[in-house]
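Enquirer: structure for the following, please:
(chains A and B)
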Amino acid sequence: MSFVNFARKEISFKIVYYGPPRCGKTTNLECIHRSIPDDVKGQMTMLSTQQDRTLYFDFLPLKSDIISGFTSKFQLYTVPGQPIYNETRRLVLNGVDGIVFVGDSQWSEMRANVDSFQNMEENLAKQNMKLDDVPYILQYNKRDLPSVAPSYYMDFSLNRREAKVHFFESIATEGVGIFESLNLISRLVIAKFIEENNMPVVDVPSDVSVSADS
Amino acid sequence: MSGFAISEAQSKKLHSALHDLSVQAEAKSVFMSDRGGNIIAQTSQDQDGTIDNVAALAAGSFCATRELARMIGEPEFHSIFHQGERANIYIQSTVFDILILVLFGKETTPGLVKLYTEKTCLELGTLLEEVMKQNAADASSQPVTFKIAENAQPFAVKKGDTP
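Expert: Model (predicted):
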């Protein structure tokens, strides 16, 4: 849920990175934190187990001047992928403005991808939200590994809804596709914010429209 | 408004109430956030750049506590208190899922902080209702047009750096 503070000229948005265990959600945030200029990022907080698995969530606050006259604050969260932490995933989704679903491209993880996507829809429903109402994109990660499914198969598995969404191929460990994903979801979230407030949209880049790669 | 918005006048009133609480309870810092961890008002500047993280963690902590309460048959715990050697945090929920966070040291006592925070929460009820009513009534009446900055990308990598 976006939050506008007219006194501080700030607008806050919440973006959640969702996906199956070990798909690269935390690696996305680590890459962003490492590569983004210091003046637009806050501290990265990671709540991990001793095995470096996400226990609660990772959190990275970013600032942007994308909306004229306001500071846009983007709060990036990841969810823990492990099945036992579903309650936490549900809590983190509360008030979400946009979602990056990170899929693991390895053939062995296809079932986990689909299960996680379904789990995301179920958890949104528990918050009285529908995926149709939340801007989201797909990111097919780990494209550098040897045994990966082609993108069209990933799309067949995950991009099956009536309204197709944009996807990016990524290698989170090398930063490939990471900023493309971040920028697109941020712009989709802002476009929806402006649309919902019945304000005229000015100079929205043409690629903000939701479409599938071919 | 799709989410939640506060005007400048409302923000000043909220800030004033938090400032009074800070003085009365002899706290180091007081701030207000929603359950999503968005800062709504605060009494001190974010000098070390961690206030968003503190708010996000506090909100997460409170949500987890709510689930704990539910599992033992309570609708909700209204407050949580984290006690340290030199620094403490007291968090109390108030109407509309708004959280008041009080950071305090040895200068004061948890009892005093709790007492004045509860008093402030009662006082804030009316003001927060006014904020919510205005949000529900007609958000489009806000005299502001949001525009996307021309040719802007939300985020870029550091100069000379590849991710």
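
Enquirer: ok, residue 127 - contacts?
Expert: As the question left the chain open, I've gone with chain A. Neighbouring residues of A:Gln127 by Cβ atoms under 8 Å, 6 or more residues apart in numbering or on different chains: A:Arg90, A:Leu93, A:Asn94. C-betas here are computed from N, CA, C, even on glycine.

Enquirer: wait, chain B
Expert: So B:Leu127 contacts B:Gln10, B:Lys13, B:Leu14, B:Ala17 (Cβ under 8 Å, 6+ apart).

Enquirer: just give me the least confident of the residues you listed.
Expert: Least confident by pLDDT among these: that is B:Gln10, with 86.

Enquirer: which one is that residue nearest to, not counting chain neighbours?
Expert: B:Val131 (5.3 Å; Cβ to Cβ, 6 or more residues apart in numbering or on different chains).

Enquirer: how is that neighbour assigned, secondary-structure-wise?
Expert: Under DSSP: H, G, I helix; E, B strand; the rest coil, the three-state class of B:Val131 is helix.

Enquirer: that one: neighbour count?
Expert: B:Val131 has 22 neighbouring residues, counting by other Cβ atoms under 10 Å in any protein chain shown.

Enquirer: and the gap between it and chain A?
Expert: 11 Å (Cβ to the nearest Cβ, to the nearest Å).

Enquirer: hmm, that residue is touching B:Ala9, no?
Expert: No: here B:Val131 does not reach B:Ala9: they are 10.3 Å apart, not a contact under Cβ atoms under 8 Å.

Enquirer: nearest residue to the middle of chain A?
Expert: Chain A has A:Val100 as the residue nearest its centroid, 2.2 Å off, counting by Cα atoms, centre = their mean.

Enquirer: to clarify, my last question referred to chain B.
Expert: Nearest to chain B centroid, counting by Cα atoms, centre = their mean: B:Ser33, 1.7 Å.

Enquirer: that one bridge partners, please.
Expert: Beta-bridge partners recorded for B:Ser33 (DSSP bridges): B:Ile39, B:Leu99.

Enquirer: show the pLDDT at it.
Expert: 90.

Enquirer: that one: what's it in contact with?
Expert: By Cβ under 8 Å, 6+ apart, B:Ser33 lies in contact with B:Ile39, B:Ile40, B:Ala55, B:Ala58, B:Ala59, B:Ile98, B:Leu99, B:Leu101.

Enquirer: and residue 89, what does it touch?
Expert: In the absence of a named chain, chain A is used. A:Tyr18, A:Val79, A:Pro80, A:Asn119, A:Met120, A:Asn123.

Enquirer: nope, chain B please
Expert: B:Ile89 neighbours (Cβ under 8 Å, 6+ apart): B:Ala58, B:Phe81, B:His82, B:Leu101, B:Val102, B:Leu103.

Enquirer: so the fourth one lies in a helix, does it not?
Expert: Spelled out, it's B:Leu101. No: per three-state DSSP, B:Leu101 lies outside any helix segment and is strand.

Enquirer: distance of it from A:Pro20?
Expert: 34 Å (Cβ to Cβ, to the nearest Å).

Enquirer: swap in the third one?
Expert: Counting by Cβ to Cβ, the gap from B:His82 to A:Pro20 is 33 Å.

Enquirer: do the same with the fifth one
Expert: B:Val102 sits 39 Å away from A:Pro20, taking Cβ to Cβ as the criterion.

Enquirer: quick one, which of the two is more surrounded?
Expert: B:Val102 (27 against 24).

Enquirer: any low-confidence regions in chain B?
Expert: Filtered on pLDDT under 70, chain B yields the residue ranges B:1-3, B:46-47, B:136-144, B:150-151, B:162-163.

Enquirer: let me know how buried A:Ile185 is, in neighbour terms.
Expert: For A:Ile185, using other Cβ under 10 Å, the count is 26.

Enquirer: mind listing what it touches?
Expert: A:Ile185 neighbours (Cβ under 8 Å, 6+ apart): A:Ile15, A:Gly98, A:Ile99, A:Val100, A:Pro135, A:Tyr136, A:Ile137.

Enquirer: now the phi/psi pair for it, please.
Expert: Main-chain dihedrals, A:Ile185, degrees, to the nearest 10: phi -60, psi -40.

Enquirer: thinking again about what came up before, measure the residue nearest to the centre of chain B to B:Ile39 for me?
Expert: Taken as Cβ to Cβ, the span from B:Ser33 to B:Ile39 is 5 Å.

Enquirer: shared neighbours, those two?
Expert: Common neighbours of B:Ser33 and B:Ile39 (Cβ under 8 Å, 6+ apart) are B:Ala55.

Enquirer: relative to chain A, which of the contacts of B:Leu127 is nearest.
Expert: Ranked by distance to chain A (Cβ to the nearest Cβ), those are led by B:Gln10 at 7.9 Å.

Enquirer: what about that closest one, how many neighbours?
Expert: Quick note: B:Gln10 (other Cβ under 10 Å) scores 20 neighbours.

Enquirer: could you do B:Lys28 as well?
Expert: Applying other Cβ under 10 Å, I find that B:Lys28 has 16 neighbouring residues.

Enquirer: once you drop chain neighbours, what's closest to it?
Expert: Excluding its sequence neighbours, the residue lying closest to B:Lys28 (Cβ to Cβ, 6+ apart) is B:Leu103, at 4.9 Å.

Enquirer: my read: B:His82 touches B:Leu101, true?
Expert: No: contact criterion Cβ under 8 Å: B:His82 and B:Leu101 do not qualify, at 10.3 Å.

Enquirer: what residues do those two have in common as contacts?
Expert: B:Ile89, B:Tyr90.
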